[in-house]
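# Got a predicted structure here, sequence first:
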Amino acid sequence: MAENENSAAPAAEATEQTSEAASAAAPQEETPQPEAAPQPEAPPEEISYHAVEKDGQVTALWEMQGRKHIRTIDPRSRQGQEILRLYTSEHHEEQ
């Protein structure tokens, strides 16, 4: 029986080493997970549109998110015309 007891001891040590290695590796795997989750603390800012005028003519529309310029829209395009139409209808209703 002494042989069986001795052979079981190294296996127990190997199990302990494996569990130690697994526990040492586990914190490293858990660290990136919180970083990958989106942070709901800062809500996205609203999209707004700004007309760029030159000599009384709208030459461009800027799509902005807060203070960040997202894209430039041609006022002659379908989307540009819709934005201008919406702005002019709102602008006339306020007066």
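Received the coordinates, thanks.

# and Ala60, what are its bridge partners?
Under the criterion DSSP bridges, Ala60 forms beta bridges with Val52.

# Touching, it and Pro75? I think so.
Yes. Judged on CB atoms under 8 Å, Ala60 makes contact with Pro75 at a distance of 6.6 Å. Using the backbone N, CA and C atoms, a C-beta is placed for each residue, glycine as well.

# hey, what's in contact with both of those two?
In terms of CB atoms under 8 Å, 6 or more residues apart in numbering, Ala60 and Pro75 are both contacted by the residues Ala51.

# Looking at the two now, which is surrounded by more residues?
Pro75 (18 against 14; other CB atoms under 10 Å).

# give me every residue that touches that one.
Contacts of Pro75 by CB under 8 Å, 6+ apart are Ala51, Val58, Thr59, Ala60, Leu61, Gln81, Ile83, Leu84.

# What strand or helix carries Ile70?
strand 68-73 (DSSP states H and E).

# same question for stretch 78-93, mean pLDDT?
Averaging pLDDT along stretch 78-93 yields 84.

# Can you give me the buried ones in it?
Gly80, Ile83, Leu84 (16 or more other CB atoms under 10 Å).
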